[in-house]
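> model the following, please.
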Amino acid sequence: MTWLASMGAIFSATNPAIITSFGNPAAELQAYTEHTVICPLSQFGLIRFSGEESQPFLQGQLSSDIRALQRDQIQFSSYSTPKGRMQASFYVIRRGDDYLLQIAAEIQPAIQKRLSMFILRSKTKASDASSELGLLGVAGKHAKSTMIQVFGQAPESMQLIEQDGVQLIGLPNEHYQILLEQNQTEAIWNRLVAAGVQPAGEPIWRLSEIQAGSPWITAATQEEFVPQMANLELIGGVSFTKGCYPGQEIVARTQYLGKLKRRTYRMHVDSLDAAAGQDVFSAEMNGQPSGKIMLAAPAPQGGMELLVVAQIASLEHGLHLGDANGPLLHNLALPYAMN
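Numbers count the residues shown, from 1 in each chain. Below is the predicted model of the structure:
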C-alpha cells in the first residue's frame, strides 16, 4: 500500500486497509460517469481452496453449481446458515487448480474459519490468498474500450481471460476486475494510469457494483436474506439441481412454493445518510420495517444509490429511509430482468 499512499491515497479512519479516495471524491465520481477509473479493491479478501477435492467440498457448501464452473468463467455464489440466511456472498474464481472465493474482507476471517471446520478428511485446504494476490477494478463509461486499449481485449460478463498470469475478469454492466500477483500490481496500475484512467476510492467501486445489481453481503447484513431476496438465482448464483448444501431445503422451498416476499431493488435517495444495514419503511407496514439497505454509495446526481431488499408489496406504497416519513426512495433500473 506504500506506493498507493505516495500517489495520494486516503485511507479509511476506521479500516486503514480501505482507500476512501485519492483526494477529490467529486472528481472521481465525475471521472467514473464520463470516463474511466481504476480502484484498489482492498475491501475484498480472497479465500483459496487448494487440493484435489476442493471442487466437491465447495459443491457441498455453496449455493452455485461449482462443477459447472469452467476455467474461463466466474460465478456468483453464497454460503448460508441451515435456515437459508446468507452469511456471505462471493465471486468464485478458478486460478490454476485452485478455487478462490472473493468475499468482503471484513467477514473473511470468520467465514474462512467456519468453512475450514467442515473440511474434515476432504483433500482440500483453505488459506488466505489476500497477501499474495491483488485485485484492481476498472469501471466507468469507457471501461471496455480502456481494457481493449491496454490489454488488447475485454472479457464478457462473468468471463475470464488470462494473460501471463494476469486474469482479466468481466463483470455485469461492463466493469472489470484484474486479479494478479501482488508484485505485478503497481506495474499494471501504472499502465492504466498512463492510458488516462483516473484513480478512485472504494465508494466508486461500490457504486459500480450497485449499478450492476451485484449483491454483496457485509457485516451489516449477514444472516438477513435468503439468496432469492438478493436476486442471486437471477444472476447464476443458485443451482436448484446440484443437491445438498447448507440452507438448500429453505432455498428450494422458497423457490418452488412461491413464498418469496422480498426482492432486491436498485434505488436512489436524496440523502447522504444511507448505509448498509439501515431499515427502510412503507406506510402500510404500521411502523415495521419493510426492508433493509444492502449497499449504499454516493450517486452522480447527488444523494445516494442503493441496493435495497424490500417487501415486493411495499413498492406501490413507496419506500422511505429511516421511518415512514423519511426521504422517499426512487426506483432505478437493474441490468437484468426481474421475475
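> my read is that Q75 contacts I235, right?
No. Applying CB atoms under 8 Å, one finds Q75 not in contact with I235, separated by 9.5 Å. All C-beta spots, glycine's among them, are computed from the backbone N, C-alpha and C.
> all strands of the stretch 1-150 of the chain, in order?
10-11, 19-21, 37-40, 44-50, 74-80, 86-95, 98-104, 125-128, 133-139 (DSSP state E, counting those that start in this stretch).
> nearest to S290, of those strands?
Closest approach to S290 among these is made by strand 86-95 (19.2 Å; CB to CB).
> hmm, back to that, let me have the strands of the stretch 1-150 of the chain in CSV, extended by mean pLDDT, mean neighbour count and distance to V166.
Shown next, in CSV, are the strands of the stretch 1-150 of the chain (pLDDT from 0 to 100; neighbours: other CB atoms under 10 Å; distance: least, CB to CB, whole Å):
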stretch, mean pLDDT, mean neighbour count, distance to V166
strand 10-11, 92, 16, 25
strand 19-21, 95, 22, 21
strand 37-40, 98, 27, 14
strand 44-50, 98, 22, 15
strand 74-80, 98, 25, 15
strand 86-95, 98, 23, 11
strand 98-104, 98, 23, 14
strand 125-128, 97, 17, 21
strand 133-139, 98, 24, 10
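> nearest to G277, of those?
strand 98-104 (12.7 Å).
> can you give me how far the closest one is from the chain middle?
Distance of strand 98-104 from its chain centroid, counting by CA atoms, centre = their mean, to the nearest Å, is 12 Å.
> pull up the pairing partners for that strand, direction included.
strand 44-50 (antiparallel), strand 86-95 (antiparallel) (DSSP bridges).
> just put those strands in TSV and tack on distance to K144.
Formatted as TSV, the strands paired with strand 98-104 follow (distance: least, CB to CB, whole Å):
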stretch	distance to K144
strand 44-50	22
strand 86-95	19
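> hmm, back to that, got the strands of the stretch 1-150 of the chain as a markdown table, with distance to G247 columns?
Output for these, formatted as a markdown table (distance: least, CB to CB, whole Å):
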| stretch | distance to G247 |
| --- | --- |
| strand 10-11 | 36 |
| strand 19-21 | 34 |
| strand 37-40 | 32 |
| strand 44-50 | 19 |
| strand 74-80 | 3 |
| strand 86-95 | 8 |
| strand 98-104 | 17 |
| strand 125-128 | 20 |
| strand 133-139 | 27 |
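> tell me which stretches of the stretch 201-339 of the chain form strands.
262-269, 279-281, 289-298, 304-311, 320-321, 329-332.
> can you put those strands in TSV and add distance to F44, mean neighbour count and mean pLDDT?
Shown next, in TSV, are those (distance: least, CB to CB, whole Å; neighbours: other CB atoms under 10 Å; pLDDT from 0 to 100):
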stretch	distance to F44	mean neighbour count	mean pLDDT
strand 262-269	20	22	97
strand 279-281	26	24	97
strand 289-298	13	23	97
strand 304-311	17	24	98
strand 320-321	27	22	97
strand 329-332	24	18	97
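> including distance to T33, could the ones you listed go into TSV?
Below are the strands of the stretch 201-339 of the chain laid out as TSV (distance: least, CB to CB, whole Å):
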stretch	distance to T33
strand 262-269	14
strand 279-281	26
strand 289-298	11
strand 304-311	12
strand 320-321	23
strand 329-332	15
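> quick check on the residue lying farthest from the centre of the chain: phi, psi?
The centre of the chain is farthest from one residue, N286, which by CA atoms, centre = their mean lies 32.6 Å away. The phi/psi pair for N286 (degrees, to the nearest 10) reads phi 50, psi 50.
> tell me how far the closest residue to E249 other than its chain neighbours lies from D65.
Closest residue to E249 apart from its sequence neighbours, by CB to CB, 6 or more residues apart in numbering: G84 at 7.6 Å. Distance, G84 to D65, by CB to CB, to the nearest Å: 17 Å.
> the more surrounded of those two?
G84 (23 against 18; other CB atoms under 10 Å).
> relative to H317, which of the strands of the stretch 1-150 of the chain is closest?
Comparing those by CB to CB, strand 86-95 comes nearest, at 26.4 Å.
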